[in-house]
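Asker: this one's structure only:
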């Protein structure tokens, strides 16, 4: 196993001492980078980009050439997993991702196959292996998946949604069937993440993008319960090294105490959640990742630097904080503003680790 | 002053003893009712409906003919106030409300007039008077306004928005100017609500639809601070009767303790916020209104009845709860499902008031 030259991201997730706060950015490989847009255009489609390991590897590495991020994240999409389960993912110009065969009945749910991700999502594992090789141990590689609940929302709605009537219709009207689907997805997500770990992912993150649209008790029963199932099945080490895990529920700020008991090493926080308060609430149980408002990256660089300081101060002294945005970077942000954020984290974070 | 035949809504907001839990529904006058759609079509445009007191009165009363709601709410739109300030409100088919003259500079902000709502929003006050007359004291009439922050988002964005880049750009880049705008709006909102109270509104509600997209500290500084200004200026009685007030911040569940100190009699809760926990957090300071998931109204009637029971149980015994949805009813809900909700509240709530 390659020795990591920079392991402060891993150490922060494990709350081990580090010299400064690590930093990466959700959707750091993305449209705000001109070099990404160039490859994206060459690829012809978003799915081509995901499914060709050499292209996925290239766009994964692009942000690291510009910015001194402390982690790489696999370039992929959370919907590759349901696509491999036979739902037929495609992307439309204005409406985002769609499935040609959404899940609409108990027959559809029973028909969902149990995947062997190494075979049926081989392009993802090949990308992980290729990225690891190219990283040469410079920084760790993060693998990821959508949460069972979040994947289910897309699979049942057939794509993005505003009010989530179909998935909530299933959940309220046929809760047992909903649980059958989520149980299958928890198995699939765990197998998918473990395959990524086996292929070389050095940390994993579960994106629960739509957990925050649930009531408190439904979040517990339909989202968090299955995230826990995933965490209980995750490989905790690879090549003798710990593989930490992160759970991110957008809009989950009300439920941090319960999320902290779900078996993950860290929680991702959206920007609405106060970091000082969050740290008090989760205590020593988990590290915290976040949580700058992505829209702040439109502000002048000096304002960005000021807000970075506020966030570092809000977490305070000691390890256990990974600097990040509270959600993905928006596609038309000026990369120089990202540089301002990176510079400020580098400049102002060491004082919190003395 | 007319004596109210049914004042349990007012009493619940003031936490006075009542025989059962009062109920109304956000957007109860709306598209889910065929009789509303008929009048809306006759009116030709949404703004015609708002600006003709006899039409606004008619659609306000429609839901009360079907359902035994314990309050009426003025049929209007939160954007009538900025429209009267000269921004030129219009509605597009697919993109919702727009302003032809959005606020884009300090000159635009300085130019915003100080309104006399009785003159410049006379159609609203005439509607309030007409509705009060037609209600004949059956149930109280709720007046409302957008919060200063929420009005500012529409005024600066020029309409609805996904990421709120313009308003956040102003807030992050020129906070003083943002405060100037919000200060003006707080005065305007208070004057607008007081004019509604003078015209006959018996309770008022402030809709802070977009407060939940702010960081915790920005919510305090840019939304809640100005909601407090509004509450401090509100008339507290009319004709010797108390006029209670409600603050609703969608996505504000993280900040209930601070909202409870803002001078309102009650807080509106979205469906993500656990009602038991919310009541513990706000203590005796405020009543609570909410908080059924609007999407639940698509579920079968027996499921609706079951979830109504859960919500009543979550609030528990004693006065201080107004049953409502956690956000507005969706336009294609079957009115029979609303009836199921109403019936369940009537049937299961008396036990919590013995």
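Answerer: Sure, I can see it. It should be emphasised that the depicted structure is a prediction, and the values quoted were computed from it without experimental measurement.
Asker: Spell out the residue ranges of the strands in chain A.
Answerer: Listed in chain order, the strands of chain A (DSSP state E) span A:72-73, A:89-92, A:96-99, A:141-146, A:203-208, A:237-238, A:241-242, A:245-249, A:266-268, A:287-292, A:321-325.
Asker: Around chain B, pick out the residues from chain A.
Answerer: Contacts of chain A with chain B, taken as CB under 8 Å from any CB of the partner chain, map to A:163-165, A:168-169, A:172-173, A:212-217, A:219, A:251, A:253-254, A:271-274, A:277, A:293-296, A:298-300, A:303, A:307, A:310, A:330. C-beta coordinates here come from the backbone N, C-alpha and C atoms, glycine included.
Asker: could you dump the strands of chain A to JSON lines with mean neighbour count?
Answerer: Shown next, in JSON lines, are these (neighbours: other CB atoms under 10 Å in any protein chain shown):
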{"stretch": "strand A:72-73", "mean neighbour count": "25"}
{"stretch": "strand A:89-92", "mean neighbour count": "15"}
{"stretch": "strand A:96-99", "mean neighbour count": "17"}
{"stretch": "strand A:141-146", "mean neighbour count": "24"}
{"stretch": "strand A:203-208", "mean neighbour count": "25"}
{"stretch": "strand A:237-238", "mean neighbour count": "12"}
{"stretch": "strand A:241-242", "mean neighbour count": "16"}
{"stretch": "strand A:245-249", "mean neighbour count": "27"}
{"stretch": "strand A:266-268", "mean neighbour count": "26"}
{"stretch": "strand A:287-292", "mean neighbour count": "25"}
{"stretch": "strand A:321-325", "mean neighbour count": "27"}
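Asker: Can you add distance to residue B:21 and give those back as CSV?
Answerer: Shown next, in CSV, are the strands of chain A (distance: least, CB to CB, whole Å):
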stretch, distance to residue B:21
strand A:72-73, 48
strand A:89-92, 45
strand A:96-99, 41
strand A:141-146, 39
strand A:203-208, 33
strand A:237-238, 54
strand A:241-242, 52
strand A:245-249, 31
strand A:266-268, 36
strand A:287-292, 37
strand A:321-325, 42
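Asker: strands paired with the lowest-mean-pLDDT helix or strand in chain A, and their directions?
Answerer: Each helix and strand of chain A was given a mean pLDDT (mean pLDDT, DSSP states H and E); the minimum falls on strand A:89-92 at a mean of 90. For strand A:89-92, the paired strands and their directions (DSSP bridges) read strand A:96-99 (antiparallel).
Asker: And for the strand it pairs with, what's in contact with it?
Answerer: Strand A:96-99 has contacts (CB atoms under 8 Å, 6 or more residues apart in numbering or on different chains) with A:77, A:79, A:82-83, A:87-92, A:154-155, A:158-160.
Asker: ok, of the strands of chain A, where does mean pLDDT dip lowest?
Answerer: Least confident of the strands of chain A, judged by mean pLDDT, is strand A:89-92 with a mean of 90.
Asker: what sits up against stretch A:271-282?
Answerer: A:251, A:253, A:256-257, A:259-260, A:267, A:269, A:288, A:290-294, A:311, A:314-316, A:320-321, A:325-327, B:212-217, B:219, B:251, B:254.
Asker: Any regions of the stretch 201-350 of chain A where pLDDT drops low?
Answerer: Nowhere does the stretch 201-350 of chain A drop to pLDDT under 70.
Asker: where do the helices sit along it?
Answerer: A:216-218, A:225-233, A:256-260, A:275-282, A:301-315, A:335-348 (DSSP state H, counting those that start in this stretch).
Asker: Just tell me which of those ends up closest to residue B:148.
Answerer: helix A:301-315 (22.3 Å; CB to CB).
Asker: returning to what we had before: mind checking which of the contacts of strand A:96-99 are buried?
Answerer: Buried members of the contacts of strand A:96-99, scored by 16 or more other CB atoms under 10 Å in any protein chain shown, are A:77, A:79, A:82-83, A:87, A:89, A:154-155, A:158-159.
Asker: Just put the residues you listed in TSV and tack on distance to residue A:205.
Answerer: Below are the buried ones among the contacts of strand A:96-99 laid out as TSV (distance: CB to CB, whole Å):
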residue	distance to residue A:205
A:77	14
A:79	16
A:82	18
A:83	19
A:87	22
A:89	20
A:154	18
A:155	20
A:158	25
A:159	23
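Asker: Contact partners for the residue in the stretch 51-200 of chain A that chain B sits nearest to?
Answerer: In the stretch 51-200 of chain A, the residue that lies nearest chain B is residue A:172 (4.0 Å; CB to the nearest CB). The neighbourhood of residue A:172, defined by CB under 8 Å, 6+ apart, consists of B:295-296, B:298-299, B:303, B:307.
Asker: hmm, back to that, show me the contact partners of the least confident helix or strand of chain A.
Answerer: Contacts of strand A:89-92 (CB under 8 Å, 6+ apart): A:45-47, A:77, A:79-80, A:82-83, A:97-100.
Asker: of all the residues you listed, which two lie farthest apart?
Answerer: Farthest pair in the contacts of strand A:89-92, by CB to CB: A:45 and A:82, 17.5 Å.
Asker: ok, longest helix in chain A?
Answerer: helix A:175-199 (DSSP state H).
Asker: and the nearest residue to residue A:237 once chain neighbours are set aside, how far is that from chain B?
Answerer: If you skip the residues right next to it in sequence, residue A:237 has residue A:243 as its closest partner in space, 6.0 Å away by CB to CB, 6 or more residues apart in numbering or on different chains. According to CB to the nearest CB, to the nearest Å, residue A:243 and chain B sit 31 Å apart.
Asker: tell me the phi and psi of residue A:243?
Answerer: phi -120, psi 90 (degrees, to the nearest 10).
Asker: Pick out whichever of the contacts of strand A:89-92 sits closest to residue B:226.
Answerer: residue A:97 (38.6 Å).
Asker: Dig out what the closest one forms beta bridges with.
Answerer: Beta-bridge pairing for residue A:97 (DSSP bridges): residue A:91.
Asker: Out of the contacts of residue A:172, which are close to chain A?
Answerer: B:295-296, B:298-299, B:303, B:307.
Asker: can you pull the contacts of the nearest residue to residue A:302 once chain neighbours are set aside?
Answerer: Closest residue to residue A:302 apart from its sequence neighbours, by CB to CB, 6+ apart: residue A:340 at 7.9 Å. When contacts are counted by CB under 8 Å, 6+ apart, residue A:340 touches A:301-302, A:304-305.
Asker: Just the buried ones from the residues you listed?
Answerer: Buried among these (16+ other CB under 10 Å): A:301, A:304-305.
Asker: Turn these into TSV, including distance to residue B:58.
Answerer: Listed next are the buried ones among the contacts of residue A:340 as TSV, based on distance: CB to CB, whole Å:
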residue	distance to residue B:58
A:301	55
A:304	52
A:305	56
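Asker: and which of these is nearest to residue A:32?
Answerer: Taking CB to CB as the measure, residue A:32 lies nearest residue A:304 of the buried ones among the contacts of residue A:340, at 14.1 Å.
Asker: Tell me how far the closest one lies from residue B:81.
Answerer: Using CB to CB, to the nearest Å, residue A:304 is found at 34 Å from residue B:81.
Asker: Show me the shaky parts of the stretch 1-150 of chain A.
Answerer: In the stretch 1-150 of chain A, residues with pLDDT under 70: A:1-2.
Asker: Show me where it has its helices.
Answerer: A:8-13, A:34-43, A:46-51, A:53-66, A:80-82, A:106-111, A:117-120, A:122-135, A:148-157.
Asker: I'd like those as CSV, with distance to residue B:124 appended.
Answerer: Formatted as CSV, those follow (distance: least, CB to CB, whole Å):
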stretch, distance to residue B:124
helix A:8-13, 55
helix A:34-43, 49
helix A:46-51, 48
helix A:53-66, 52
helix A:80-82, 49
helix A:106-111, 50
helix A:117-120, 60
helix A:122-135, 57
helix A:148-157, 38
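Asker: Tell me which residues touch residue A:81, please.
Answerer: Taking CB under 8 Å, 6+ apart as the test, what residue A:81 contacts is A:115, A:117, A:121, A:145-146, A:151, A:188-189, A:192.
Asker: wait, residue A:303
Answerer: Contacts of residue A:303 (CB under 8 Å, 6+ apart): A:296, B:172-173.
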